[in-house]
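> Predicted model, plus sequence, below.
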Amino acid sequence: MNVIGTPDNTKQRIAVAMSGGVDSSVCAALLADQGFDVIGLTMQLYDHGAATSKSKACCAGQDIHDARRVADRVGIPHYVLDYEKRFEQDVIIPFADAYMRGETPVPCILCNQTVKFRDLINAAKDIGAGALATGHYIRRVESEDGVTLHRAVDHSKDQSYFLFATTPEQLSFLRFPLGDIPKSETRSLAEKFELDIADKQDSQDICFVPTGSYTDIVGKFSNQLKSAGHFLHVDGNDMGPHEGIEHYTVGQRRGLGLGGEKKPLYVIEIRPIDQAVIVGPKAELAKHEITVRDVNWLGSGNSIPAGGMRAMVRVRNTHEPVPGLVQAGSEPGQAKVSFDDPLFGVSPGQACVFYDGDQVLGGGWIVADGQGMRVPHNKRNEQAASASA
Amino acid sequence: MTVQNTRIYLDYNATAPVLPGVASAVISALELKGNASSVHAEGRAKRSTIEKARDSVSRLTGSLSSSVTFTSGGTEANTTIVQGLLKSGFISSVLCSSVEHPSVLEHVSVDSRVAVSANGALDLHALEHAIKDHTDPFLFCLMLANNETGVIQPVKEAAAIVHDHGGLLFCDAVQGPGKIHLDFNSLGADFYSISAHKIGGPQGVGCVVSNSNIDLSPVLIGGGQERMRRSGTENVSGIAGFGAAADLVVQMDDFRPIANLRDKLEEALIQVRPDAVVFGQEVSRIPNTTNVAIPGLSSERQVIKLDLSGFSVSAGSACSSGKVSASHVLLAMGVPTELAGSAIRISIGAKTSCDDLRAFVDAWADL
């Protein structure tokens, strides 16, 4: 694989974002094996000791230690970059604030958008690298029409959902050597390169919430204090107090503590204005159309084609893409996405990513419809009646 | 970025390269059989190795050999003194300068850290103010020379003030030997600490030097080695290397050549980048240390790019994670956070040549 695109790999400097996990470790080993002048860069994003409430624990977690060991094994220079402040500013605080707005954020995308593909790319350029490689499972394809982004060959590991916000300019500098191989091959490469982390488990949780209690983080970093409120049934009934809006996501059924109903109840909407969590039967979750903001367009042309375009759209990383229509929205940077069949469990704050087959066309952030003002249930029937009339 | 084929090491204050003969002294001691606490011939040979080294170190510091207690390094020596005095009951509180090494600073609460002036030297008025109401016996910790700026601290003056108020003075002298003339008797501190790897000896060995009749309560207890002052089987090979290094350092008497190199370096730095700021220039410094900031260019970036160009320098206090944070020393001097975060330390030594520094200035100018 010729990553930078010239015949001779040797002496070409390429930076690798090394997290200490298997994927980025193999990425570094692979490029070094191909003769590149590889520099390993690891971002220190948060104080690990503080995050795990061990005041005397090192600020660096095991992952930084692992990254350093891998770099040593591969025989490349390795540096730790202190991005703690920026990460707090650009990822943790927006993460906390989003919950308080009734959204369910995706911090990994924020991180890719800011510290990783803004600051780390700058750092890579600063040390004379011609490209920054990461261990993401996604494909980057260069053609006469420019550089495009495509789902990974291994769909089960595809990370395109988290990378929709990558701008064309960032994409021109980035390389994803693992996009063409299945995860199983990554593991065997780790063994081939004799990397200690070959058997290391994939990270599951949000990195800065190692203890799993994200609500503690929300409480600590959000400016808004009040999150306690009541469960309200879509039919208007007050169902008693809940634990705070940051504990819920749209589409959630388990853990609501609302037993005794004939039909299971789902979170239909989180309304920050009065901290209400609206619950109701599954049918209430059905969404035909959503608005997304801060659209990043990676398809042909500079923006969504006039008149819109048919695409496969994905509203959560764990959902499969479904067919729909993507159109430019009424406000700049916005898009309107309508689904051929109604979708259930669409949460504000999540990303909506557009695909044409495997190609990533872009995406945006899902906006709460009606600014959190839900049409009361009893009025809705009247509306429907008048609409059909 | 210029590509350097041979690396140039400018981080002597972190660890000085081993002096000639040190490695062979370490290996010879390592190859001896026996434990220094044993009665037999092999034990006696090991014991003899330790005591010869103790003589060498005591000559270096101008103190009695019985006053030298070997430890695992500077941090253990500092801990032994501070915690040993607290444990013994001779003192009930500890103060220090705000620019001490973390191995001292961490023992002292933030409000017991005494300010330094903008030039990096201890503010003696602040010291008087801090201790004037101390009726209880206290310890004041003041380093001989700062590891980051090289600024030599007014140990003698501070010792007089502290003693006048019934306190004890401990001087972390880790950055002194091999850089300035040492006379632990005339400095007037009650306790000193030294580390072998800062003077061209091996890592993992250091010592406490006591100029006091006060017995420190041991921090490490057990087999009673080092005359009950520090239990644990002695690091004999390390101690032998420490002694070998001390024998060479004690002969050093002319530190002007290094100071001249340093001065030329600083002149050149300012010449190529007139916006650069050199810290501590107004006061006496050890002759090998330059702390310089390029406003707007982070320490982290400078250290990384210089490393990739073949130059080893450091910045701030290195965390075990490897991340570079702003120097607590510069912050204590009142340097604005952003400027402190743009500083690097260049520390040179016997093997540094004028050509090395010329090459460095070129690389640094290109940053």
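In hand now; what should we look at?

> how far out from the middle of the chain is the helix or strand bottoming out on mean pLDDT in chain B?
When each helix and strand of chain B is scored by mean pLDDT, DSSP states H and E, helix B:184-187 comes last, with a mean of 90. If you compare the mean C-alpha spot of helix B:184-187 with that of the full chain, they lie 17 Å apart, counting by Cα atoms, centre = their mean, to the nearest Å.

> List the buried residues of it.
Within helix B:184-187, the residues that qualify as buried are B:184, B:187, counting by 16 or more other Cβ atoms under 10 Å in any protein chain shown. Backbone N, C-alpha and C define where each C-beta goes, glycine included.

> what do you get for stretch A:304-320?
Of the residues in stretch A:304-320, those buried under the neighbour-count criterion (16+ other Cβ under 10 Å) are A:304, A:308-309, A:311-317.

> name the element A:Asp23 belongs to?
Using DSSP states H and E, A:Asp23 falls within helix A:22-33.

> next one: B:Leu169
Per DSSP H and E, B:Leu169 falls inside strand B:168-172.

> List the strands paired with that strand, with their directions.
strand B:138-141 (parallel), strand B:191-195 (parallel) (DSSP bridges).

> how about these, which one is nearest B:Val26?
With Cβ to Cβ as the measure, strand B:191-195 is the member of the strands paired with strand B:168-172 nearest B:Val26 (15.5 Å).

> contacting residues around the closest one?
Strand B:191-195 is contacted by residues B:57, B:60-61, B:63, B:73-74, B:77-78, B:81, B:85, B:144, B:168-174, B:176-177, B:184, B:205-212, B:216 when judged by Cβ atoms under 8 Å, 6 or more residues apart in numbering or on different chains.

> Buried residues, it. List them.
Residues of strand B:191-195 classed as buried under the neighbour-count rule (16+ other Cβ under 10 Å) are B:191-195.

> so how far is chain A from the most centrally placed residue in chain B?
Geometric centre of chain B, nearest residue: B:Val174, 2.7 Å, by Cα atoms, centre = their mean. For B:Val174, the distance to chain A equals 23 Å [Cβ to the nearest Cβ, to the nearest Å].

> if we can go back for a sec, from the contacts of strand B:191-195, which ones fall inside strands?
Assigned to strands by DSSP state E, the following of the contacts of strand B:191-195 qualify: B:168-172, B:206-210.

> Can I have the buried ones of those as a PyMOL selection?
In PyMOL, this line selects whichever of the ones in strands among the contacts of strand B:191-195 come out buried by 16+ other Cβ under 10 Å:
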select buried, chain B and resi 168+169+170+171+172+206+207+208+209+210
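
> Next, format the ones in strands among the contacts of strand B:191-195 as a markdown table and append pLDDT.
Below are the ones in strands among the contacts of strand B:191-195 laid out as a markdown table (pLDDT from 0 to 100):
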| residue | pLDDT |
| --- | --- |
| B:Leu168 | 98 |
| B:Leu169 | 98 |
| B:Phe170 | 98 |
| B:Cys171 | 98 |
| B:Asp172 | 98 |
| B:Gly206 | 98 |
| B:Cys207 | 98 |
| B:Val208 | 98 |
| B:Val209 | 97 |
| B:Ser210 | 96 |
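
> Dump the ones in strands among the contacts of strand B:191-195 to CSV, plus distance to A:Gln275.
Compiled in CSV, those are given as follows (distance: Cβ to Cβ, whole Å):
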residue, distance to A:Gln275
B:Leu168, 60
B:Leu169, 60
B:Phe170, 57
B:Cys171, 60
B:Asp172, 55
B:Gly206, 59
B:Cys207, 63
B:Val208, 61
B:Val209, 65
B:Ser210, 65
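
> Looking at the ones in strands among the contacts of strand B:191-195, point me to the pair that's furthest apart.
In these, the most distant members under the criterion Cβ to Cβ are B:Leu168 and B:Gly206, with 19.9 Å between them.
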